[in-house]
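S.K.: Need coordinates for the below:
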Amino acid sequence: MEEGLGQHSVPPPGSIDKYKILDIKPIRSLIPVFSKNPQGQSSGQYPSGFSPFFPFGGPHDSSTTGAKPRRTAMPTPLQAFRSPFGEEEDLNDNDDFSNKRSAASQSTRVKLKKHKVYNDVHVDLSGLVGISPGQRDNGNREVVNTVLMTFDALRRRLSQLVDAKELNTGLIKRTDLKAGNICMTKGIRTNQPKRVGSVPGVEIGDIFFFRMEMCVVGLHAQSMGGIDALHIQGDRGEETLAVSIVSSGEYDDEADDGDVIIYTGQGGNFNKKDKHVSDQKLHKGNLALDRSSRTHNEIRVIRGIKDAVNPGAKTYVYDGLYKIQDSWVEKAKGGGGLFKYKLIRVPGQPSAFAVWKSVQKWKAGFPARTGLILADLSSGAESLPVSLVNEVDNVKSPAFFTYFHSLRHPKSFSLMQPSHSCSCSGKKACVPGDLDCSCIRRNEGDFPYIINGVLANRKPLVHECGPTCQCFPNCKNRVSQTGLKHQMEVFKTKDKGWGLRSWDPIRAGAFICEYAGEVIDKARLSQLVQEGDTDEYVFDTTRIYESFKWNYEPKLLEEAITNESSEDYALPHPLIINAKNVGNVARFMNHSCSPNVFWQPVLYEENNQSFLHVAFFALRHIPPMHELTYDYGSDRSDHTEGSSARKGRKKCLCGSSNCRGSFT
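M.R.: Presented below is the predicted three-dimensional model:
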């Protein structure tokens with residue numbers, strides 16, 4: 001600290017004016033300058049032959065502050081994470097460290113894939129995913145979703161290749177950093193200029209499982225730092241303002257109140273007992289927070305919440321805009337001085353972090369869930385309870401049905417010819433990259449799932465290991481057979497009947513549930529319709545579904561694959577499921593023209609016969625208490641030339657900007 005304070009001393013409260021401490025004028029705002037080419041063009045704001053160094057000298061968009069911007073800053077360069085080319089690496093995600101799997105011998109391969117090592121050349125490939133140059137500077141909701149889905153598709157593919165020991169880039173160890181670096185260098189990003197206040201297309205309550213996701217959408221440009229700053233030229237000279245912070249619990253942040261946060265500044269050495277033993281300095285992020293405490297500009301707050309299953313991982317939730325109300329210096333347990341900042345949430349914003357706090361209390365049993373009708377609708381059929389809640393009206397329950405977690409096949413139903421199960425005996429599970437495994441060979445040589453049971457890519461058909469396979473029951477290739485992984489809630493909506501949502505955050509590609517019910521044929525379905533029985537709880541794979549892109553773009557990885565895997569489903573036979581009388585939580589999912597869930601056909605063996613199933617996966621990250629929806633598709637008669645639209649079309653109430661108005 002300054003003003004005569006010792007290295008390990010902090011004045012008692014009231015003994016010194018805190019603003020005398022905080023109002024230190026750094027030399028040129030602590031902007032380091034470095035010599036550059038004498039012939040290069042120099043800025044009028046810096047000595048000739050010198051240029052500013054990131055982050056305080058980068059370009060920014062400060063239109064919201066009325067100050068004159070300099071130039072747009074780039075996020076922290078990821079080359080800092082590089083390892084020497086060709087060095088053996090472990091490209092695991094930030095929450096994958098404890099789940100490493102060995103690869104099979106290369107001699108077992110029955111096909112060859114060539115994966116070119118990615119380089120750092122900045123080539124604009126944003127057009128591959130439909131992002132225009134203007135959208136890189138200012139996005140919208142659709143662009144943000146496109147960028148995030150592209151990032152996660154790349155991350156999933158990289159994880160799949162690393163699991164199978166098919167890729168060793170010699171660049172960045174973690175696949176999330178690798179995917180982020182690709183997106184940055186290829187122009188697949190949005191909201192690139194820094195700004196004060198909200199970010200176009202990013203909504204309060206959005207969740208992120210990786211810091212790089214926040215970087216590529218412009219929410220928080222620091223891949224590691226907790227404070228993101230904007231350097232501007234204002235009326236009073238050069239100023240550095242804080243634009244966003246990440247409160248991840250690394251310090252002594254107090255975050256019990258949903259609208260108030262006490263944020264600890266950055267810096268100060270830790271000893272082995274995680275105690276600050278030296279004073280924090282008023283520079284970098286702390287300096288930016290000090291200036292923001294005086295200007296009272298809006299600051300974006302992202303809360304880091306520990307994963308209950310994997311304590312080493314975090315989920316980040318964007319909690320909206322805050323303003324600094326107060327700041328002071330506080331003595332830490334280790335003797336060092338800490339900067340403290342009290343931030344108050346701007347009123348009138350949707351709930352975000354407060355929702356997480358409510359869910360945590362419900363799981364602890366206090367207070368009881370408002371509107372709770374049943375604690376477990378499944379009556380123990382699921383490993384996790386399924387709550388039944390109505391906060392809208394006095395309806396006590398949906399129409400009676402029998403809860404069943406999978407399919408019921410009548411004896412008269414014609415099944416496929418049996419196929420061959422895998423013979424991975426002596427192994428705990430099938431190993432990615434082992435093409436001696438018949439189940440992996442049927443998946444075109446790729447293991448369909450990565451760590452945490454996340455689906456790597458949409459496929460025409462996913463082959464899972466079944467009960468007759470010799471691998472252990474905990475094999476990672478049985479994802480859709482292991483029941484619910486997230487605590488679900490069936491709730492009454494305002495205008496769409498009953499709906500389904502999760503108490504837990506769901507990451508893109510995560511398994512949600514199977515569509516359970518009684519398997520019927522087309523004749524039986526026609527009979528039900530003629531008898532006036534509703535087909536509201538029917539899933540029919542013969543319907544026409546809107547196509548969409550979810551998989552990675554091979555050109556972004558410079559990957560040479562001769563036969564690119566299609567996302568068009570290739571079912572061995574039609575499957576129609578009636579969930580009116582027998583079913584599970586899937587029967588409560590409503591339709592949306594912009595869904596957050598998609599279905600994937602899955603095949604596995606039971607009793608020496610192959611059965612087709614419909615499994616649902618998250619299309620993108622889904623925050624807690626957000627309704628789960630999928631596209632119901634349309635009847636083929638609606639697309640028959642010269643035929644009139646099918647009777648009984650329902651008005652669509654999804655509220656999406658892409659709403660088609662009705663569905664059948």
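S.K.: centre of the chain versus the longest strand anywhere in the chain, how much separation?
M.R.: What stands out as the longest strand in the chain, according to DSSP state E, is strand 314-331. Relative to its chain's centre, strand 314-331 lies at 22 Å (Cα atoms, centre = their mean, to the nearest Å).
S.K.: Any idea how many residues pack against P398?
M.R.: Residues lying near P398 (other Cβ atoms under 10 Å) number 15. (Glycine included, C-beta is placed from N, CA and C.)
S.K.: and M214, what element?
M.R.: helix 211-216 (DSSP states H and E).
S.K.: contact partners of that helix?
M.R.: For helix 211-216, the external contacting residues (Cβ atoms under 8 Å, 6 or more residues apart in numbering) are 75, 147-148, 151-152, 176-177, 179-180, 183-184, 188-190, 208, 220-224, 246, 302, 316.
S.K.: Any buried residues in the longest strand of the chain, and which?
M.R.: Residues 314-324, 327, 329-331 are the ones in strand 314-331 that count as buried (16 or more other Cβ atoms under 10 Å).
S.K.: Tell me the one of the residues you listed nearest N443?
M.R.: T315 (29.2 Å; Cβ to Cβ).
S.K.: who's in contact with that closest one?
M.R.: I207, F208, F209, G304, I305, D307, P505.
S.K.: What is the lowest-pLDDT residue among these?
M.R.: Lowest pLDDT of these: D307, 81.
S.K.: picking up where we left off before, the contacts of helix 211-216 in helices, which ones?
M.R.: Among the contacts of helix 211-216, DSSP state H puts V147, L148, F151, D152, D176, L177, A179, G180, C183, M184 in helices.
S.K.: Name only those of those residues that count as buried.
M.R.: V147, L148, F151, D152, D176, L177, A179, G180, C183, M184.
S.K.: And for the spatially closest residue to the second one that is not a sequence neighbour, the neighbour number?
M.R.: In other words, L148. In this structure, L148 finds its nearest non-sequential neighbour in E213, 5.9 Å apart by Cβ to Cβ, 6 or more residues apart in numbering. Applying other Cβ under 10 Å, we find 24 residues neighbouring E213.
S.K.: Relative to D152, how far out is E213?
M.R.: Per Cβ to Cβ, to the nearest Å, E213 is found 8 Å from D152.
S.K.: Could you do T468 as well?
M.R.: Distance from T468 to D152, by Cβ to Cβ: 34 Å.
S.K.: where does this protein dip in pLDDT?
M.R.: 1-120, 168-172, 236, 249-257, 269-275, 411-419, 426-427, 533-535, 560-565, 637-648 (pLDDT under 70).
S.K.: for the chain, what spans make up the helices?
M.R.: In the chain, the helices defined using DSSP H lie at 18-22, 133-137, 141-163, 175-185, 211-216, 284-295, 353-364, 438-442, 522-530.
S.K.: what's the closest of those helices to H613?
M.R.: Proximity to H613 (Cβ to Cβ) singles out helix 438-442 among those, at 14.9 Å.
S.K.: Next, the buried residues of the closest one.
M.R.: Neighbour-count burial for helix 438-442, counted by 16+ other Cβ under 10 Å, picks out S438, C439, I440, R441, R442.
S.K.: in stretch 521-540, what's buried?
M.R.: R524, L525, L528, D535, Y537, V538, F539, D540.
S.K.: Contacts for that stretch next, please.
M.R.: By Cβ under 8 Å, 6+ apart, the surrounding residues in contact with stretch 521-540 are 413, 515, 517, 520, 542, 574-580, 583, 586-587, 599, 614, 633.
S.K.: Pull out the buried members of those.
M.R.: Here, 16+ other Cβ under 10 Å leaves 515, 517, 520, 575-580, 583, 586-587, 599, 614, 633 buried among the contacts of stretch 521-540.
S.K.: Let me know the closest of those to G134.
M.R.: G633 (33.6 Å).
S.K.: I'd guessed the closest one sits against E546; true?
M.R.: Yes. Assessed by Cβ atoms under 8 Å, G633 is found in contact with E546 at 7.3 Å.
S.K.: Please convert the buried ones among the ones in helices among the contacts of helix 211-216 to JSON lines, extending it with distance to L343.
M.R.: Output for those, formatted as JSON lines (distance: Cβ to Cβ, whole Å):
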{"residue": "V147", "distance to L343": "28"}
{"residue": "L148", "distance to L343": "26"}
{"residue": "F151", "distance to L343": "28"}
{"residue": "D152", "distance to L343": "30"}
{"residue": "D176", "distance to L343": "28"}
{"residue": "L177", "distance to L343": "29"}
{"residue": "A179", "distance to L343": "31"}
{"residue": "G180", "distance to L343": "27"}
{"residue": "C183", "distance to L343": "30"}
{"residue": "M184", "distance to L343": "29"}
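S.K.: Tell me the one of those residues nearest N394?
M.R.: Nearest to N394 out of these is L148 (Cβ to Cβ; 40.0 Å).
S.K.: Many thanks, we can stop here.
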